[in-house]
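Trainee: just the structure for this:
(2 chains)
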Amino acid sequence: MFFRKSPLTPLFQRGEFLPFVKGGKEGFSPQCLHNYGLTNNIPLVVKNVKIIGPIGLVRIDMILDTGAAFTALSWADLKVLGYDPAVVSERQEIITANGVIEVPKLRVERIAVGDLEAREVEVICHDIPKLTGIRGLLGLSFLKHFRTVIDYKQGYFEFS
Amino acid sequence: MKLEEAKTLFQGEWIAFRSSEENDNPEGEVVLHNRDRRTFDRELLRKGLTDIYITFAGPPVPEGYAVIF
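Mentor: Okay, here's the model as predicted:
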């Protein structure tokens, strides 16, 4: 899905069906900067995020959520990777729009976006409402490993 | 089948797509698809599918909605 062609790699796409124009910016190669015609009412979707667990990997689309302390993955995705959230001893209270709930917390072996990879990433097990076409949130427990630039004014996202 | 072809064919469904390619529109096969995410997840676990790309063949947020988590 994504190719790393420079230290600054375009890895984000905002909304699957929004029209976009690839462009360049001074100081960056055309390959490393994409403009996506941003609007303000659709979340930033990071596509093809690779999640690796003890028995395999899955790739999913996730919402970039800089306000979320933890990366959130669904029960099904964690189970298919070889984790069993139901028996995880550690729990995390989280504040959601609907109130406070307690969810399993664990570490997944690896999470990768393109060739940028973080190991032993803390995640919570929480299903995103199924009305959305998204299976997880990419939160600070992953983002803290990298440099992330979100520039709405210029209309681009960078991750390195 | 190309990924974009699969998304067109299974519009509005969850898709599990298996491919050895890593590009914007890889060649591969749909190994599971279902409109209902709960049913999709149940089948995903029953079949123990890994090494797949799971995506929704439609807009990530339905038209007219805004997302706040």
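Trainee: contact residues of chain A facing chain B?
Mentor: A:1-3, A:15-17, A:41-43, A:45, A:47-48, A:55-61, A:63, A:65, A:67-68, A:74-77, A:79-81, A:96-97, A:128, A:130-135, A:137 (Cβ under 8 Å from any Cβ of the partner chain). Quick note: C-beta positions are derived from backbone N, CA and C, even for glycine.
Trainee: buried ones among those?
Mentor: Buried subset of these (neighbour count, 16 or more other Cβ atoms under 10 Å in any protein chain shown): A:1-2, A:15-16, A:42-43, A:45, A:47-48, A:57-61, A:63, A:65, A:68, A:74-77, A:79-81, A:128, A:130, A:132-135, A:137.
Trainee: please report how far the spatially most central residue of chain B lies from A:Ile60.
Mentor: Nearest residue to the geometric centre of chain B (Cα atoms, centre = their mean): B:Ile15, 2.4 Å. Note on B:Ile15: its distance to A:Ile60, by Cβ to Cβ, to the nearest Å, is 11 Å.
Trainee: ok, B:Pro60 next?
Mentor: In terms of Cβ to Cβ, B:Pro60 sits 11 Å off from A:Ile60.
Trainee: counting contacts, what elements does the longest helix anywhere in chain A pack onto?
Mentor: Looking across chain A with DSSP state H, the single longest helix is helix A:75-80. Counting by 3 or more Cβ pairs under 8 Å, 6 or more residues apart in numbering or on different chains; DSSP states H and E, the packing neighbours recorded for helix A:75-80 are strand A:56-64, strand A:116-125, helix B:37-47.
Trainee: how does it look with 6 Å?
Mentor: Judged by 3 or more Cβ pairs under 6 Å, 6 or more residues apart in numbering or on different chains; DSSP states H and E, helix A:75-80 is in contact with helix B:37-47.
Trainee: ok, and what's touching the helix or strand just after the helix it packs on?
Mentor: Going down the chain from helix B:37-47, the next helix or strand is strand B:52-56, by DSSP states H and E. Applying Cβ atoms under 6 Å, 6 or more residues apart in numbering or on different chains, the external contacts of strand B:52-56 come out as A:58-61, A:133, B:14-18.
Trainee: spatially nearest residue to B:Arg37 (excluding sequence neighbours)?
Mentor: Nearest residue to B:Arg37 in three dimensions, chain neighbours excluded: A:Lys130, at 4.4 Å (Cβ to Cβ, 6 or more residues apart in numbering or on different chains).
Trainee: and that neighbour, helix, strand or coil?
Mentor: Here A:Lys130 is recorded as coil under DSSP: H, G, I helix; E, B strand; the rest coil.
Trainee: A:Ala76 contacts B:Arg42, doesn't it?
Mentor: No: between A:Ala76 and B:Arg42 there is no contact under Cβ atoms under 6 Å: 8.0 Å.
Trainee: sorry, back to before: of the contacts of strand B:52-56, which pair is most distant in space?
Mentor: A:Gly133 and B:Arg18 (19.2 Å; Cβ to Cβ).
Trainee: what about the helix or strand containing B:Ala16 and chain A, touching?
Mentor: Assessed by DSSP H and E, B:Ala16 sits inside strand B:14-18. No: shown here: strand B:14-18 not in contact with chain A (Cβ under 6 Å from any Cβ of the partner chain), separated by at least 8.0 Å.
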